[in-house]
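1. below is the structure, and that's it, no one-letter string:
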Ligand code: ASP
């Protein structure tokens, strides 16, 4: 199905949902039947196989939380994706350091930052959420926690990523890619059959960053936010600009004010432009979902793609963008 058809479907549901106050049971039923679920949406084209994995759980009445964790693990383990997990480009010292966050319907959250040697940081983040009194563990402490809980220590620097880093060392120019086209952070949001939301976000962050740099992805409210009363949002792109507007939290709050997911993402891009005078040199992409299963995306510049899986199928979409 093409993007336009999806937009029509979304618009149709919003008309039904947007009829506002429910005056009788018949109208209440219409509202319920308008909910699209399950749904999973994720950033970039590597979202397609990740969505397919998440769908194995969602399609079997599984939970959104289990689905987003399983979904992004596919990207983390894929050596061809050079911005997430295994195969991620290293920092300037040649170290692959990973950031990840996970959040459930009740806004419970877990995250890790600057974690090395662990293939699945999202599962460590889930364990931080489920098994500790904390929400975020970083660096050595995060690694120790992972090892104590049975995760294996692995070399995540592939020959290809090492060769790219060695080439970078020749000039040592730090220029974050403004649009990584097919390879960037994976952020995933899902609504399950029981009407529960969850989100996950995982990345190796910006290539050739300073050692110890942490982006927006593991920062709750920055790269990911879920509020079961409203919806969920995730971000990709230059973390330093995304945190300036607490983007994911902002998008959820904009949806709380009755903006559609797409409109909320667009307003957040506008806010980001206001706060980042260098906006022409950067790229960000936002995704959002609400409790009706409506989804939306918006980017700063051309080139942001995302994968949307509804009961009608899984496909790649081009996000609308603001700067021509
Ligand atoms: N948002 C990520 C970071 O700043 C990178 C990206 O999505 O491109 O670490």
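-> Done, it's in. Bear in mind the structure is a predicted one, so any value in this text is a computation, not a measurement.
2. distance-wise, check the closest residue in space to residue 280 that isn't next to it in sequence relative to the ligand.
-> Setting aside the residues directly before and after it, residue 280 is nearest to residue 323 in space (CB to CB, 6 or more residues apart in numbering), at 6.6 Å. Where C-beta positions appear, they are placed from N, C-alpha and C, glycine not excepted. As judged by CB to the nearest ligand atom, to the nearest Å, residue 323 and the ligand stand 17 Å apart.
3. and residue 323, which of the three is it?
-> Assigned by DSSP: H, G, I helix; E, B strand; the rest coil, the conformation of residue 323 is coil.
4. residue contacts, it?
-> 273, 279-280, 300-301 (CB atoms under 8 Å, 6 or more residues apart in numbering).
5. by neighbour count, which of these wins?
-> residue 300 (28 neighbours; other CB atoms under 10 Å).
6. now the strands for the stretch 151-300 of the chain?
-> 186-191, 197-203, 224-227, 231-237, 284-290, 295-299 (DSSP state E, counting those that start in this stretch).
7. which residues of the stretch 51-200 of the chain lie near the ligand?
-> Taking CB under 6 Å from any ligand atom as the contact definition, the stretch 51-200 of the chain meets the ligand at 184-185.
8. find the closest residue to the ligand in the stretch 51-200 of the chain.
-> Closest contact between the stretch 51-200 of the chain and the ligand, by CB to the nearest ligand atom, is at residue 185 (3.2 Å).
9. for that residue, give me phi and psi.
-> Its backbone dihedrals place residue 185 at phi -40, psi 140, with angles given as degrees, to the nearest 10.
10. for it, list the residues it contacts.
-> Applying CB under 8 Å, 6+ apart to residue 185 gives the contacts 43-44, 83-84, 201-203, 205, 215, 217, 223, 236-237.
11. with neighbour count and distance to residue 195 added, can I get these in CSV?
-> CSV is the format used below for the contacts of residue 185 (neighbours: other CB atoms under 10 Å; distance: CB to CB, whole Å):
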residue, neighbour count, distance to residue 195
43, 31, 23
44, 26, 27
83, 24, 32
84, 32, 29
201, 36, 22
202, 35, 25
203, 31, 28
205, 27, 33
215, 26, 31
217, 31, 26
223, 31, 24
236, 29, 26
237, 29, 30
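12. which one among the residues you listed gets closest to residue 56?
-> residue 202 (18.6 Å; CB to CB).
13. leaving aside the residues next to it on the chain, what's closest to that closest one?
-> Nearest non-adjacent residue to residue 202 (CB to CB, 6+ apart): residue 100, at 3.9 Å.
14. any idea of the angle the strand or helix carrying the one you found forms with strand 197-203?
-> Using DSSP states H and E, residue 100 sits in strand 98-104. Orientation check (axes from the mean of the first three to the mean of the last three CA atoms, to 10 degrees): strand 98-104 against strand 197-203 gives 180 degrees.
15. okay, now the sheet partners of strand 98-104, with direction.
-> strand 109-115 (antiparallel), strand 197-203 (antiparallel) (DSSP bridges).
16. between those, which gets nearest to residue 251?
-> strand 197-203 (11.4 Å).
17. quick one: mean pLDDT for the helix or strand that residue 69 is a member of?
-> Applying DSSP H and E as the criterion places residue 69 in helix 64-76. The pLDDT scores in helix 64-76 average 98.
18. taking strand 197-203 as reference, get the angle to that helix.
-> Using the same axes, to 10 degrees: helix 64-76 against strand 197-203 is 20 degrees.
19. contacts only, for the nearest residue to residue 136 once chain neighbours are set aside.
-> Spatial nearest neighbour of residue 136, excluding adjacent residues (CB to CB, 6+ apart): residue 111 at 4.5 Å. Residues in contact with residue 111 (CB under 8 Å, 6+ apart) are 99-102, 125, 128, 135-137, 218-220.
20. just the pLDDT at residue 178, thanks.
-> Confidence for residue 178, expressed as pLDDT, is 64.
21. just the one 4 residues further on next, same as before
-> Per-residue confidence at residue 182 stands at 47 (pLDDT).
22. swap in residue 25?
-> pLDDT, residue 25: 42.
23. same check on residue 146?
-> For residue 146, the pLDDT comes out at 98.
24. now the angle from the helix or strand encompassing it to strand 109-115?
-> Under the criterion of DSSP H and E, residue 146 resides in helix 139-148. Relative orientation of helix 139-148 and strand 109-115, computed by the same axes, to 10 degrees: 110 degrees.
25. show me what the helix holding residue 69 is packed up against.
-> strand 39-43, helix 47-58, strand 98-104, helix 121-131, strand 186-191, strand 197-203 (3 or more CB pairs under 8 Å, 6 or more residues apart in numbering; DSSP states H and E).
26. would you turn those into CSV with distance to residue 317 and mean pLDDT?
-> Formatted as CSV, the helices and strands packed on helix 64-76 follow (distance: least, CB to CB, whole Å; pLDDT from 0 to 100):
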stretch, distance to residue 317, mean pLDDT
strand 39-43, 9, 98
helix 47-58, 10, 98
strand 98-104, 23, 98
helix 121-131, 23, 98
strand 186-191, 14, 98
strand 197-203, 18, 98
